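> Task: produce atomic coordinates for the following.
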Amino acid sequence: MDERRSPDILRELGKKYFFNHYDDEELRGRGIELLLEAFRYNDPEAMFIVAKLVLDSVLLVRNGDPEDYALNLMVKSARAGHLQARAYLNSYCQGRYEKEIEEINKLADEATPLTDFDGKTIKIDRKGVFSPIDAVLEFKDGRNILTLSTNVAFIYLEEGGLSDRERFEAAVLDGILQWSGEYEVFGGQKLTVEVKITQDSRIFDNLVVMPVTSIWHEAFESAEKMIIQKSKREQLNDLRVHKRSFATNGIKWSVNSRKFIFIQSKSGNFDDYEEFMHVAKHEFGHSLGLGDLYQSNVDSLNGVKKGTYRELDGYALSEDNYNLVMCDHHGPVSNNDIEMVVLAFKENREQLFQQRKSKGKISSALGKGN
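Model (predicted):
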């Protein structure tokens, strides 16, 4: 590539002409041309700017819905690491979601203990020596508070652990804490979620976190050869080849099932705080009893298309891509996610967005509205 036509130079010149010459249409037009050229080189920042110009109706698209086109471009920019695109997606989806729940019935002036969609009081008191994640729902001082407590144990199989161990552990713990916050659930009732983490030396009730290093990849490769069932073998191969992080909860999720989070690094290093924080946030969702919100061609899942559940549509970025934590680990934790966590611990049953091979029960938190 001619250095003078590099994406960086094209983008910066385009920004200069377009944003600094409001009174000169010719220069602004030249700026757009340069931005589009950088965009065609897949420059993440140029993608973001072009997407914004489409959303602002400065640029027109020839075919399809302009909003869908721009949002998919934002997703591509965000996945390429452009933080402004990620922040814009989160803000855009949250604003659209809030507009959709304006018609929700408001709470009575006097707060009451949390109730489900049938008006029945929800009681949760899950704790004990065999419970890796304790969950207690209390109504005190006029507030409903769900406290999730877990003891995190990091395990390193290779001698000496990681060179960036401290940064990696901080990212994981902060990712778990991302589930704390103020939410509105079951028809607009306010719920505070508090996540408490300890790192004591325990035998049973641990949430175990393991970074998947080279010794694990060798074990995965050996295990593949021993698995008879084709679908399981392919699934393990996918985890190994694409270095996908994953969580396991025993044969099936329950309050007392053993909970492990395996975190992989595509680069082999574990010093990317921002990325591993979000990965841990997603995987902790599985430990809390939530299934994946993925498109249909992943892990034999049936898929959740836009329009399936109205409470999710505010976060839909395309036909089957949602800016939500259980779909895209960079996405936010939503009110609906917390409803599903509440039901998981209340019913002692995993909460699914979609069936696996047409099996399993969809969470009753879906299809009820917000």
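> for Gln84, what are its contacts?
For Gln84, the residues meeting the contact criterion (Cβ atoms under 8 Å, 6 or more residues apart in numbering) are 45, 48. All C-beta spots, glycine's among them, are computed from the backbone N, C-alpha and C.
> shaky segments in this protein?
Applying pLDDT under 70 to the predicted model, the residue ranges of the chain that meet it are 1-4, 100-110, 159-161, 214-242, 296-299, 369-370.
> mind checking the longest strand of it?
Across the chain, the strand with the greatest residue count (assigned by DSSP state E) is strand 143-154.
> Check which helices and strands it sits against.
In terms of contacts (3 or more Cβ pairs under 8 Å, 6 or more residues apart in numbering; DSSP states H and E), strand 143-154 is packed against strand 133-140, helix 165-177, strand 189-198, strand 207-212, helix 335-347.
> Kindly state which of these is positioned closest to Glu26.
Comparison of those against Glu26 by Cβ to Cβ identifies helix 165-177 as nearest, at 48.0 Å.
> Burial check on Asn249, number of neighbours?
Residues contacting Asn249 under the criterion other Cβ atoms under 10 Å number 18.
> which residue sits closest to it, ignoring its sequence neighbours?
When the adjacent residues along the chain are set aside, Asn249 lies closest to Ser257, with 4.7 Å between them (Cβ to Cβ, 6 or more residues apart in numbering).
> do you know how far the one you found is from Lys359?
When Cβ to Cβ, to the nearest Å is the yardstick, Ser257 and Lys359 sit 18 Å from each other.
> Comparing the two, which shows the higher neighbour count?
Per other Cβ under 10 Å, whichever of Ser257 and Lys359 has more neighbours is Ser257, with 20 against 9.
> check contacts around the more buried one.
For Ser257, the residues meeting the contact criterion (Cβ under 8 Å, 6+ apart) are 132, 249-251.
> let's go with 10 Å and repeat that
For Ser257, the contacting residues are 130-133, 248-251, 287, 289, 348, 350, by Cβ atoms under 10 Å, 6 or more residues apart in numbering.
> Secondary structure element holding it?
Assigning secondary structure by DSSP states H and E places Ser257 outside every helix and strand.
> and it, how far is that from Leu207?
With distances taken as Cβ to Cβ, Ser257 is found 11 Å from Leu207.
> Pull up the overlap in contacts between these two.
Taking Cβ under 10 Å, 6+ apart as the contact rule, the neighbours common to Ser257 and Leu207 are 132-133, 287.
> can I get the residues you listed in JSON lines with neighbour count?
As requested, the shared contacts of Ser257 and Leu207 are arranged in JSON lines below (neighbours: other Cβ atoms under 10 Å):
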{"residue": "Pro132", "neighbour count": "23"}
{"residue": "Ile133", "neighbour count": "26"}
{"residue": "Ser287", "neighbour count": "24"}
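> Same list, these, but as TSV with distance to Val333 please.
Shown next, in TSV, are the shared contacts of Ser257 and Leu207 (distance: Cβ to Cβ, whole Å):
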residue	distance to Val333
Pro132	19
Ile133	15
Ser287	13
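> Identify, from the residues you listed, the entry nearest to Arg30.
Set against Arg30, the nearest of the shared contacts of Ser257 and Leu207 by Cβ to Cβ is Ser287 (52.7 Å).
> Closest one of the contacts of Ser257 to Met277?
Proximity of the contacts of Ser257 to Met277 was ranked by Cβ to Cβ; the top entry is Ser287 with 15.5 Å.
> That closest one and Thr150: what is the separation?
The gap separating Ser287 from Thr150 is 8 Å, by Cβ to Cβ.
> Got the domain ranges for this protein?
3-100, 125-347 (automatic domain parsing).
> okay, those domains in CSV with distance to Ser363 next?
As requested, the domains of the chain are exported to CSV (distance: least, Cβ to Cβ, whole Å):
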stretch, distance to Ser363
domain 3-100, 18
domain 125-347, 5
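> which ones are touching Leu60?
For Leu60, the set of contacting residues under the criterion of Cβ under 10 Å, 6+ apart consists of 53-54, 66.
> same thing but 8 Å
Each residue near Leu60 by Cβ under 8 Å, 6+ apart is listed here: 54, 66.
> Could you pull up phi and psi at it?
Recorded main-chain torsions at Leu60 are phi -110, psi 150, according to degrees, to the nearest 10.
> Just confirm Tyr309 is within a strand.
No. The assignment for Tyr309 (DSSP: H, G, I helix; E, B strand; the rest coil) gives coil, which keeps it out of a strand.
> Phi and psi next, for it.
Taking degrees, to the nearest 10, you get phi -130, psi 120 for the backbone angles of Tyr309.
> from now on call the first residue 445
Will do, 445 is the new start, and the previous item becomes Tyr753.
> what's the neighbour count on it?
21.
> Quick check: closest non-adjacent residue to it.
Of all residues beyond its chain neighbours, the one nearest Tyr753 is Leu810 (4.7 Å), with distances taken as Cβ to Cβ, 6+ apart.
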